[in-house]
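Student: pasting the structure only:
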């Protein structure tokens, strides 16, 4: 596929960025660099979202300058949670125009695994958006002063060193945001701080409890305490208690007990009838 993007930056500034792998790494949206410095600044993990599917890849990218106005980028990656692979080859041409530079992309690639199931239209839309965001980042990095660029590269490397390598196996890859076509690595809910639990107003000594306030029934307080710390699914499926508890169905043993007493009573009635009949015959 081919794609063009205009950026208001001179070609010389863009070339300076493309010749520096550390600055190129900052232009790839959502790239999480490896902590190992020997692997290079353009190696790490990248999560992409196409349509309603999300896949995380681990791989590397190599940028090569062919001519002063032509660069190529070759990369390959493997699914973090799977066996699928993807290879990409992008050719970038810097064409100077009035007010800036026109970036002309020519991209091709192969994929298997989960990426092979994506529709061509969704894949093309996702790639175009990725190229647009890469061009925006490229222009932003090129416009930075040299000192700021060096500080940003050092901060990115420090963040990669502090990352937890075990987290890659625990990152969810479900389609949790339908409607988005592609996205960079998003923060997991497990990385956020848990909110401080609110105190139970039914417990004794709870703060901000007004003096003389009526206490709820012990039954309601017990139900509230048992729901604290349980998931929503457990609470939804928990059987009601107290006055709303279901009445147990009569057991089969009740009918058996009635039949057990019915037989002796019937025998006693028959015997009484026989004795009464004999007594009446004698009196006659």
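Tutor: Received it, and whenever you're ready, just let me know what you need. Since we're looking at a predicted model, the values are computed, not measured.

Student: so where is the stretch 51-200 of the chain shaky, pLDDT-wise?
Tutor: 146-200 (pLDDT under 70).

Student: hey, what's residue 88 bridged with?
Tutor: Going by DSSP bridges, residue 88 is paired in beta bridges with residue 75, residue 109.

Student: thought it was touching residue 62?
Tutor: No: with contact defined as CB atoms under 8 Å, residue 88 does not reach residue 62; the gap is 11.0 Å. Glycine gets a C-beta too; all of them are placed from N, C-alpha and C.

Student: quick one, which of these two is more surrounded?
Tutor: residue 88 (17 against 13; other CB atoms under 10 Å).

Student: contacts only, for that one.
Tutor: 73, 74, 75, 76, 107, 108, 109 (CB atoms under 8 Å, 6 or more residues apart in numbering).

Student: tell me the contacts of the residue nearest to the fifth one when sequence neighbours are not counted?
Tutor: What it means is residue 107. Closest residue to residue 107 apart from its sequence neighbours, by CB to CB, 6 or more residues apart in numbering: residue 90 at 4.6 Å. Residues counted as contacts of residue 90 (CB under 8 Å, 6+ apart) are 72, 73, 74, 105, 106, 107.

Student: of these, grab the buried ones for PyMOL.
Tutor: Applying 16 or more other CB atoms under 10 Å to those leaves a buried subset, and the PyMOL line that selects it is:
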select buried, resi 73+105+107
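
Student: tell me which of the contacts of residue 90 fall in strands.
Tutor: 72, 73, 74, 105, 106, 107 (DSSP state E).

Student: format those as CSV; extra columns: distance to residue 5.
Tutor: Putting the ones in strands among the contacts of residue 90 into CSV (distance: CB to CB, whole Å) gives the following:
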residue, distance to residue 5
72, 17
73, 15
74, 20
105, 7
106, 13
107, 12
